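Chemist: Here's a sequence, model it:
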Amino acid sequence: MTLPTLFVPHGAPTFALRPGAAGAALVTLAEQLERPKAIIVVSPHWETREPTVGSATDLETIYDFSGFPRELYTLTYPAHSNPQLAERVALCLQGAGYAPRIDTQRGLDHGAWVPLRMMFPHADIPVIPLSIKAYAGATYHYALGQALAPLAAEGFLIIGTGSITHNLRDYMVCVHNNLPTPDYVPRFADWIDQQLKSGDITGLIDYRKQSPDAAQAHPTEDHLMPFFVALGASGTKANASRFYAGVDDLVIGMDGYQFGRAVQ
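Modeler: Numbering: from 1, shown residues only. Modelled structure (predicted):
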């Protein structure tokens, strides 16, 4: 069983309370997937110097945000990892030349638990978090995904989470000045989609230079790096499908992608 790889939006933390159309798309997608052996989730909110694999038996629901509605802090996602499967992920990375570490304590930040709670609400599939190194750029994360590719054929579902656009400073500007979504937001999202449709992976990886909107769409690169992990893990022919396109909170691109084998 070879599973597709996914890039899904995690939105603002309030996405958990107001899933809307993007949340419905995640639910529909998950219902069409074969049941995975385990889920490898790559969130932009866990950054480490070396690739780090989470193996905590009980994955704490981490509220890595503040100032949101009280209801949000009552939500839980009682997921668990699996030490043996986490070790398999680490060995796969080691075989590709990385020096992975295993973290037996860390839980799931909102970049992971918010979408997983929608997609797999029973929390009955082992979840294996994997960290990013945002300052290393797209080339590093695409290669990291390539190292994980063999696991998709072993029944692991590889999910990167984040945002196709993510500029919170512009969010504040828009809110304070009652402005609409800036033009660069859908323009950059469509640029990503066009690169995928044309198969220009090299151009995608070089997005900071190739897209005039890249720096504004992502002042920092963290929220797009899991996209490249999912893309790299899909193999040399991505066969990309954009299963959802939209914008939440004025500047957060909520586009979701499925790579690899088509979901039936």
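Chemist: Please make it C-alpha for all contacts and neighbour counts, starting now.
Modeler: Fine.
Chemist: ranges for the strands of this protein?
Modeler: For the chain, applying DSSP state E gives strands covering 5-9, 38-47, 52-54, 101-103, 127-132, 156-162, 241-244, 247-248, 252-253, 256-259.
Chemist: Need the pLDDT of the nearest residue to S234 once chain neighbours are set aside.
Modeler: Closest residue to S234 apart from its sequence neighbours, by Cα to Cα, 6 or more residues apart in numbering: G260 at 5.2 Å. pLDDT recorded at G260 is 84.
Chemist: Was I right to think G260 contacts F7?
Modeler: No: here G260 does not reach F7: they are 11.6 Å apart, not a contact under Cα atoms under 8 Å.
Chemist: out of these two, which sits in the busier spot?
Modeler: The neighbour count for G260 versus F7, taken as other Cα atoms under 10 Å, is higher for F7 (28 against 22).
Chemist: All the helices of the stretch 101-250 of the chain, residue numbers only.
Modeler: Secondary structure of the stretch 101-250 of the chain, counting by DSSP state H, counting those that start in this stretch: helices at 110-119, 137-152, 168-176, 184-198, 201-205, 207-210, 214-217, 225-233.
Chemist: so where's the stretch 51-200 of the chain shaky on pLDDT?
Modeler: Judged against pLDDT under 70, the stretch 51-200 of the chain has no low-scoring part.
Chemist: ok, back up a step: mind checking which of the strands of the chain is nearest A79?
Modeler: Of all these, it is strand 127-132 that lies closest to A79, at 6.7 Å by Cα to Cα.
Chemist: tell me the angle the closest one makes with strand 38-47.
Modeler: 40 degrees (axes from the mean of the first three to the mean of the last three Cα atoms, to 10 degrees).
Chemist: so what does strand 127-132 touch, helix or strand wise?
Modeler: strand 38-47, strand 52-54 (3 or more Cα pairs under 8 Å, 6 or more residues apart in numbering; DSSP states H and E).
Chemist: Of all those strands, which one is nearest S198?
Modeler: Going by Cα to Cα, the one of those nearest S198 is strand 38-47, 25.6 Å.
Chemist: burial count for G95?
Modeler: Neighbour number of G95 under other Cα under 10 Å is 11.
Chemist: swap that for T139, sorry
Modeler: Per other Cα under 10 Å, the neighbour tally for T139 reads 17.
Chemist: Who are the contact partners of it?
Modeler: T139 makes contact with I205, according to Cα atoms under 8 Å, 6 or more residues apart in numbering.
Chemist: Roughly how far does it sit from L204?
Modeler: Applying Cα to Cα, to the nearest Å, the value for T139 to L204 is 10 Å.
Chemist: Also A86?
Modeler: In terms of Cα to Cα, A86 sits 30 Å off from L204.
Chemist: T76 now?
Modeler: 35 Å.
Chemist: ok, R208 touching A215?
Modeler: Yes: the pair R208 / A215 is scored as a contact, 6.5 Å apart, by Cα under 8 Å.
Chemist: Of these two, which one has the most company?
Modeler: R208 (18 against 15).
Chemist: how near is that one to A143?
Modeler: Computed as Cα to Cα, the R208 to A143 distance reads 17 Å.
Chemist: Ok, A96 next?
Modeler: Using Cα to Cα, A96 is found at 9 Å from A143.
Chemist: Comparing those two, which residue is more hemmed in?
Modeler: Neighbour count, other Cα under 10 Å: between A96 and A143, A143 has more, with 17 against 14.
Chemist: So A86 and L204 - more neighbours on which side?
Modeler: A86 (26 against 21).
Chemist: For the closest residue to that one other than its chain neighbours, which residues are in contact?
Modeler: Spatial nearest neighbour of A86, chain neighbours left out: S55 (5.6 Å); criterion: Cα to Cα, 6+ apart. By Cα under 8 Å, 6+ apart, S55 lies in contact with S81, N82, P83, A86, I102, D103, T104, Q105, I128, P129.
Chemist: Please consider this matter closed, and thank you.
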